[in-house]
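**Q** fold the following for me, if possible:
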Amino acid sequence: MAMTSINPTTGEDIARFQFHSTEEIDKILSSAAIAQSKWRKRPIKERVELLRVVGKVLLENSDRYSRLITKEMGKPLVESAAEIKKCAWNCEFYADQAPAFLADENVISAASESAIVYDPIGVVLAIMPWNYPFWQFFRFAAPAFAAGNGAILKHASNVPECALACEEVLREAGAPDGLMRSILIDTKDVARIIADDRIAAITLTGSTEVGAIVASQAGKALKKQVLELGGSDPFIVLADADLEEAAKAAVKSRFINVGQSCVNAKRFIVEESVAEDFVTLFCAGVAKLKIGDPLEKDTNIGPMARANLRETLHSQVERSVAAGAHLVAGGDFIERSGFYYSPTVLDYVTPEMPAFVEETFGPVAAIIRIKDENEAISLANQTEFGLGAALWTRDVERARVLARCIEAGAVFINGIVASDPCLPFGGIKRSGYGRELGYHGIREFTNIKTIWIGPSKAAEHTPVVKEEMIMNNQMRGTIVRPSEVRPHERGGGARTFPLVTTRVGSTSLLNGITEFEPSAAIPLHSHNCEESVMVLEGEAIVELDGVEHRMGVNDTTWVPANIPHRFINASKSSRMRIFWTYASVFATRTILATGDTKSIDSERG
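**A** Next comes the predicted model:
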């Protein structure tokens with residue numbers, strides 16, 4: 001048996017590939033298990049170096065890989081190039097951050113000294129879709145390899161050349177033989193791979209229907225899964241929004257990748273008082289989209305990936321119009337070779353119509369008019385999906401409150417939904433479960449292991465940080481975690497957590513959140529009050545009384561009064577965000593002058 005790669009721009013066959021035989025698959029799985037058993041033992045510094053080389057290979061071959069994506073699934077070439085660049089960025093991000101994300105966490109109490117460690121889980125089967133054929137794989141693979149795992153890629157049947165190219169990237173980067181392989185198999189054979197003892201877990205990006213099948217098969221085998229499934233993302237525009245910016249972003253969010261993305265905005269929920277103006281601006285932007293050969297750099301709309309996808313989309317449009325939706329633009333096949341569909345706008349869509357209820361995976365936008373923000377939130381949540389959402393309003397504080405009411409894995413305020421290596425990505429409801437990206441993503445495919453050491457052993461080998469030592473100012477500054485000491489009740493309702501103490505028992509506190517550009521440094525300084533700093537995002541180098549420490553997410557410094565110290569953003573490419581507390585409202589100006597302080601709040605007992 002074989003699979004055929006078809007050029008969606010022309011409808012012509014590109015190449016045919018024979019499925020791997022049962023014997024070949026057995027060898028691939030055995031090789032992966034052996035390679036991963038060795039890879040997991042390598043120091044993480046060596047593992048992340050592979051990611052740096054992978055990123056370089058991707059960039060050095062960007063033109064070839066970009067054209068391969070466009071040829072095999074129809075994405076406009078400029079977007080294909082951006083996809084390759086994003087894969088390289090993801091590799092570089094995890095090369096920088098993985099050591100901190102996977103660092104052991106010490107938990108100290110009066111009864112024991114324990115550690116939480118993150119061990120690799122094994123070989124992961126990655127079942128990936130065609131719409132982002134490189135990004136979807138490397139989004140998973142970079143953190144998986146950094147964590148010590150191996151990977152078997154079962155890609156979508158219409159992008160076999162992209163699947164083999166992903167394998168080529170790892171081979172060119174010098175990955176151990178067998179650590180990552182692509183398998184070409186029929187869909188009906190996937191269950192056998194899932195059940196194989198050499199597969200430890202499964203990650204899937206695809207339709208909700210396929211996700212339910214894979215979850216059932218993996219559940220039967222008692223194997224971990226991460227599922228990123230369909231979406232019908234709302235794009236809410238309130239009356240006070242910047243309509244020009246919102247409409248411009250809406251066009252991009254709906255029609256990027258020819259509308260074939262789970263996080264494309266699909267339902268545009270617009271407050272009635274501004275709906276006419278928004279629709280006018282939106283349709284003007286749609287009219288400017290250039291339809292053409294996706295290999296031409298100025299093309300915005302290429303073909304859909306497959307003929308059957310186009311037919312399904314057209315049926316959704318026809319049924320919605322029959323139910324009362326107004327066809328404002330498009331709504332038909334484009335008369336040229338390939339699988340083209342005209343950019344389409346449906347207005348006055350209501351909740352019973354297919355364009356509202358079903359996921360429209362193609363260049364079709366549904367406009368829903370609502371009376372106020374309460375109805376906007378209600379309709380945004382009236383879906384079986386819960387992947388992403390966008391909310392447009394000039395009142396950011398109101399948006400923060402409304403965002404908590406939206407049922408989705410991510411809410412973007414005055415922006416379009418997109419995945420970012422720094423942030424966890426995934427959905428709820430029938431959009432799946434589990435998270436990719438950020439430190440949450442790298443830990444999904446690890447064994448989060450507790451190592452407990454009894455008090456006698458702990459006392460013999462490691463000094464315990466005791467709270468009374470800190471209270472009596474016997475320590476010259478240290479790195480602590482919230483679990484190491486109990487919260488300090490300061491009186492008057494003030495409670496210090498993470499830890500800040502004062503020998504004089506002051507109940508005046510100053511809290512803030514500050515962001516730092518890559519490599520930014522707070523100069524060496526000291527002040528006459530205690531201080532704590534928790535890393536919320538990124539990684540810091542901290543010098544405390546002449547001794548350097550590295551801090552990752554959730555790590556906290558405690559610095560007594562008059563101790564020289566400074567902080568440096570350890571990353572050359574990513575911002576660092578910290579939460580700080582001073583045990584006095586008369587805080588040093590140093591931190592405020594160095595970074596971008598987002599908020600300050602004082603508490604007095």
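**Q** okay, and for this structure, where does confidence drop off?
**A** Low-confidence segments of the chain (pLDDT under 70): 108-111, 455-509, 527-529, 583-605.
**Q** tell me which strands and helices the longest helix belonging to it is in contact with?
**A** Longest helix in the chain by number of residues (criterion: DSSP state H): helix 77-101. Judged by 3 or more CB pairs under 8 Å, 6 or more residues apart in numbering; DSSP states H and E, the packing partners of helix 77-101 are helix 44-60, helix 62-73, helix 135-146, helix 438-444. Placement of C-beta: from N, CA and C, glycine included.
**Q** what number of residues lie near Leu387?
**A** The number of residues packed near Leu387 is 26, by other CB atoms under 10 Å.
**Q** was I right to think it contacts Ser261?
**A** No - assessed by CB atoms under 8 Å, Leu387 is found out of contact with Ser261, at 10.0 Å.
**Q** which stretch among the helices and strands packed on helix 77-101 is buried most, on average?
**A** Among these, helix 135-146 has the highest mean neighbour count (mean count of other CB atoms under 10 Å), at a mean of 27.
**Q** pull the residues that contact that helix.
**A** Residues outside helix 135-146 that contact it (CB atoms under 8 Å, 6 or more residues apart in numbering) are 39, 44, 47-48, 50-51, 54, 58, 83, 86-87, 90-91, 93-95, 98, 101-102, 124, 126, 128-129, 150-151, 153, 155, 166, 175, 179-180, 203, 205, 419, 425, 436-437, 441-442, 445.
**Q** nearest to Pro354, out of the helices and strands packed on helix 77-101?
**A** Closest of those to Pro354 is helix 62-73, at 24.6 Å (criterion: CB to CB).
**Q** convert the C-alpha atoms of the closest one to CSV, please.
**A** Extracted C-alpha coordinates of helix 62-73, given in CSV (Å, rounded to 0.1, in the frame of the first residue of the first chain):
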residue,chain,number,x,y,z
SER,A,62,14.6,27.6,5.2
ASP,A,63,14.0,28.3,1.5
ARG,A,64,13.9,24.6,0.6
TYR,A,65,11.7,23.6,3.5
SER,A,66,9.4,26.6,3.0
ARG,A,67,8.8,25.6,-0.6
LEU,A,68,8.2,22.0,0.4
ILE,A,69,5.4,23.1,2.8
THR,A,70,3.8,25.3,0.1
LYS,A,71,4.1,22.7,-2.6
GLU,A,72,2.6,19.9,-0.4
MET,A,73,-0.2,21.7,1.5
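**Q** how far off helix 77-101 does that helix point, in degrees?
**A** Here helix 62-73 runs at an angle of 110 degrees relative to helix 77-101 (axes from the mean of the first three to the mean of the last three CA atoms, to 10 degrees).
**Q** report all helices and strands that helix 62-73 contacts.
**A** Packing contacts for helix 62-73, counted by 3+ CB pairs under 8 Å, 6+ apart, involve strand 2-7, helix 77-101, helix 160-172.
**Q** mind checking how far the closest residue to Thr299 other than its chain neighbours is from Met73?
**A** Closest residue in space to Thr299, ignoring its immediate chain neighbours: Gly292 at 4.3 Å, by CB to CB, 6 or more residues apart in numbering. Using CB to CB, to the nearest Å, one gets 16 Å for the distance from Gly292 to Met73.
**Q** swap in Phe356?
**A** Relative to Met73, and taking CB to CB, Phe356 is found at 27 Å.
**Q** next structured bit after the longest helix of the chain?
**A** strand 105-108 (DSSP states H and E).
**Q** what helices or strands is that next one leaning on?
**A** Against strand 105-108 (3+ CB pairs under 8 Å, 6+ apart) you get strand 113-120.
**Q** run the last query once more with 10 Å
**A** Taking 3 or more CB pairs under 10 Å, 6 or more residues apart in numbering; DSSP states H and E as contact, the helices and strands that strand 105-108 lies on are strand 113-120, strand 446-453, strand 478-480.
**Q** parallel or antiparallel, list what pairs with it.
**A** strand 113-120 (antiparallel) (DSSP bridges).
**Q** want to throw the helices and strands packed on strand 105-108 into a markdown table with mean neighbour count and distance to Ala366?
**A** Below are these laid out as a markdown table (neighbours: other CB atoms under 10 Å; distance: least, CB to CB, whole Å):
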| stretch | mean neighbour count | distance to Ala366 |
| --- | --- | --- |
| strand 113-120 | 17 | 43 |
| strand 446-453 | 13 | 40 |
| strand 478-480 | 19 | 51 |
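**Q** looking at those strands, which is nearest to Pro234?
**A** Per CB to CB, nearest to Pro234 of the helices and strands packed on strand 105-108: strand 446-453, 33.3 Å.
**Q** give me the helices and strands touching that closest one, please.
**A** Short answer (3+ CB pairs under 10 Å, 6+ apart): strand 446-453 packs on strand 105-108, strand 113-120, helix 455-461.
**Q** for the shortest one, C-alpha coordinates in CSV please.
**A** Backbone C-alpha positions of strand 105-108 (Å, rounded to 0.1, in the frame of the first residue of the first chain) are rendered in CSV as follows:
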residue,chain,number,x,y,z
GLU,A,105,13.0,21.3,43.3
ASN,A,106,14.0,20.9,46.9
VAL,A,107,11.3,20.7,49.5
ILE,A,108,12.5,21.0,53.1
